[in-house]
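Q: sharing a sequence plus its predicted fold:
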Amino acid sequence: MYNPEIETMNRKELEALQVVRLQETVKRVYENVPFYKAKFDELGITPEDILSLDDLKKLPFTMKKDLRDQYPFGLFAVSMDEVNRIHGSSGTSGKPTVVGYTKNDISNWASIVARAIVTAGGRKSDIFHNAYGYGLFTGGLGLHYGAEELGVATVPISGGNTERQITVINDFKPRGICGTPSYILNIVENMEQMGMDPRETSLEYGIFGAEPWTEEMRATLEKKLDIKAIDIYGLSEVMGPGVAIECIEAQDGLHIADDHFLVEVLNPKSMEPVEDGQDGELVFTSLTKEALPIIRYRTGDIASITREKCKCGRTHTRMSRLKGRTDDMLIIRGVNVFPSEIEHVLLQIEGLVPNYQIHLIKKGSLDSVELHVEIEKQLYLEVGEDLGHADIQKLKRNIQHQMKSSCLVTMNTIINKPGSLPRSDGKAKRVIDKRNPVPVV
């Protein structure tokens, strides 16, 4: 463990620490962020009203819209001369969300991520290959500073330039790697196309996140690379990567850094708490952030939690792997479908590579799904590169049957030849919405 005293702290002591830090955070936002002071005053509460963790429910929620409405620096709780770094989202769906960090925030974040890397199986003697994108996105720099804090030899290669990634992996012989699972899979495919066996690299563990991925994707990565594939969770509004991570011993839920973040799981419709073990929306409150402390941030991520001690010995709250998002659920002819459910089915079907796209289209006035998949190169050669071959049509019917049985939605399936669907250098774009095309002016 990176910090056994903190990571194995008993629940009573841990919750006492959380109360103190929650009170400090509430006081900080009330005195320094007009947005929060107005919210508190509207609800008739003051920092003095927060006496226990049960009082958390008195506090207002924060939404992504609030960060956009306060763009760029309206939620900062410090003056700009105390801000040491600024990160932000891509802003592709509107104004970006902007987050700031003091020098102390950066130090805390680095320690949190160093702890996460150790939890995932990392150690100080490692060479660590960082294939997350660097820039405004928190992934690359978040993992970088944490790796350096731990003391590993960090390779800041970022995303893209896949052939160079492969050369560096072969020559530098890293023990650990991190990146989005879809991009690491892209690296694996390129290795195979170059006649290499990805299982023969020096890699032993991988830390993957920043996009939803299933147990089937984990199994694929572990088999192809002969590694342990570890899920990491984070979001820039709360801190960045490192909010939670799986342990290599159990891979049974992600350990939340309870000393820095307070988690709730709420029914996304009623916003009432659900029982431990039940799925709901994750809501986070930061406990140590200075530049951008955040109160009850609605993540939109669906998961459950447990407070049972893990077999690795850690006592912090564990969250399940993400089940989906409140905003990425597809409603097709009245049926609710998460993209992760589609991936779960696809990756169990032989003959397909784990690369696909979900196209949402209109058929008349009804929404429909068109599923684009790729077949394995070996199968493609066996059928003489004929996508109309009887074996390919049989595969297509099987996919459609499995999707209908599991997701209760009929999905027209398009079989594509190997390597024809786009690959990702970062977060994979799985859902393509063609229902409301932008008109040509």
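A: In hand now; what should we look at? The structure displayed is predicted, hence computed values, not measured ones. Numbering: from 1, shown residues only.
Q: how about the contacts made by Val283?
A: By CB atoms under 8 Å, 6 or more residues apart in numbering, the contact set of Val283 is 61, 263-266, 296-299. No exception for glycine: its C-beta is placed from N, CA and C like everyone else's.
Q: among the residues you listed, who's most crowded?
A: Neighbour counts for those, by other CB atoms under 10 Å, peak at Val265, which reaches 23 neighbours.
Q: so for the one helix or strand it maps to, mean pLDDT?
A: Using DSSP states H and E, Val265 falls within strand 261-266. Mean pLDDT, computed over strand 261-266, is 98.
Q: same question, stretch 51-62
A: Predicted confidence along stretch 51-62 averages 98 (mean pLDDT).
Q: next one: stretch 236-249
A: 97.
Q: can I get that stretch in CSV, CA atoms only?
A: Output of stretch 236-249 as CSV, limited to C-alpha atoms (Å, rounded to 0.1, in the frame of the first residue of the first chain):
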residue,chain,number,x,y,z
SER,A,236,-12.3,16.6,-13.9
GLU,A,237,-15.1,18.4,-12.0
VAL,A,238,-14.2,16.5,-8.9
MET,A,239,-10.4,16.2,-9.3
GLY,A,240,-9.4,14.0,-12.3
PRO,A,241,-8.2,10.4,-12.5
GLY,A,242,-7.7,8.8,-9.2
VAL,A,243,-11.0,9.4,-7.5
ALA,A,244,-11.3,5.6,-7.3
ILE,A,245,-9.4,2.5,-8.6
GLU,A,246,-9.6,-1.2,-8.4
CYS,A,247,-7.0,-3.2,-6.5
ILE,A,248,-4.9,-5.8,-8.3
GLU,A,249,-5.6,-8.4,-5.6
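Q: may I see the buried residues of that stretch?
A: By 16 or more other CB atoms under 10 Å, the buried positions in stretch 236-249 come out as 236-248.
Q: re the thing from before, with distance to Thr214 added, can I get the contacts of Val283 in JSON lines?
A: Below are these laid out as JSON lines (distance: CB to CB, whole Å):
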{"residue": "Phe61", "distance to Thr214": "29"}
{"residue": "Val263", "distance to Thr214": "22"}
{"residue": "Glu264", "distance to Thr214": "25"}
{"residue": "Val265", "distance to Thr214": "21"}
{"residue": "Leu266", "distance to Thr214": "24"}
{"residue": "Arg296", "distance to Thr214": "29"}
{"residue": "Tyr297", "distance to Thr214": "25"}
{"residue": "Arg298", "distance to Thr214": "24"}
{"residue": "Thr299", "distance to Thr214": "19"}
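Q: which strands or helices does the lengthiest helix in the chain pack on?
A: Longest helix in the chain, counting residues (DSSP state H): helix 11-32. Packing partners of helix 11-32 (3 or more CB pairs under 8 Å, 6 or more residues apart in numbering; DSSP states H and E): helix 34-43, strand 280-286.
Q: can you show me the CA trace of the strand holding Val265 as PDB?
A: Below are the C-alpha coordinates for strand 261-266, written out as PDB (Å, rounded to 0.1, in the frame of the first residue of the first chain):
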ATOM      1  CA  PHE A 261     -14.000  12.600  -1.600                       C
ATOM      2  CA  LEU A 262     -17.400  11.900  -0.100                       C
ATOM      3  CA  VAL A 263     -19.700   9.800  -2.200                       C
ATOM      4  CA  GLU A 264     -23.500   9.400  -2.200                       C
ATOM      5  CA  VAL A 265     -25.600   7.000  -4.400                       C
ATOM      6  CA  LEU A 266     -29.000   8.500  -5.200                       C
END
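Q: report the angle between it and strand 280-286.
A: Put simply, strand 261-266 runs at 150 degrees to strand 280-286, going by axes from the mean of the first three to the mean of the last three CA atoms, to 10 degrees.
Q: hang on, the earlier thing: adding mean pLDDT and distance to Ile392, write the helices and strands packed on helix 11-32 out as CSV.
A: As requested, those are arranged in CSV below (pLDDT from 0 to 100; distance: least, CB to CB, whole Å):
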stretch, mean pLDDT, distance to Ile392
helix 34-43, 98, 56
strand 280-286, 98, 41
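Q: just these: most buried one?
A: For the helices and strands packed on helix 11-32, the largest average neighbour count (mean count of other CB atoms under 10 Å) is found in strand 280-286, namely a mean of 24.
Q: leaving out chain neighbours, which residue sits closest to Asp301?
A: In this structure, Asp301 finds its nearest non-sequential neighbour in Leu282, 4.7 Å apart by CB to CB, 6 or more residues apart in numbering.
Q: just want the most central residue of this protein.
A: Residue closest to the average C-alpha location in the chain (CA atoms, centre = their mean): Ala210, at 3.5 Å.
Q: how about the contacts made by that one?
A: Applying CB under 8 Å, 6+ apart to Ala210 gives the contacts 132, 137, 139, 180, 241, 426-427.
Q: which of those fall within helices?
A: Applying DSSP H to the contacts of Ala210, the entries found in helices are Gly139.
Q: restricted to strands, list the contacts of Ala210.
A: When DSSP state E defines the strands, the subset of the contacts of Ala210 inside them is Pro241.
Q: list the buried ones in the one helix or strand Asp171 maps to?
A: Under the criterion of DSSP H and E, Asp171 resides in helix 162-172. Going by neighbour count (16+ other CB under 10 Å), the buried part of helix 162-172 is 162, 165-166, 168-169.
Q: and which of those is nearest His359?
A: For the buried residues of helix 162-172, the closest approach to His359 (CB to CB) belongs to Thr162, at 25.4 Å.
Q: how close does that closest one sit to Arg423?
A: Distance from Thr162 to Arg423, counting by CB to CB, to the nearest Å: 8 Å.
Q: follow-up on the earlier one: isn't the residue nearest to Asp301 right up against Thr299?
A: Yes: using CB atoms under 8 Å, Leu282 makes contact with Thr299 at a distance of 4.6 Å.
Q: before we move on, the earlier item: check the buried residues of stretch 236-249 and tell me the two furthest apart.
A: Spatial extent of those (CB to CB) is set by the pair Glu237 and Ile248 at 27.6 Å.
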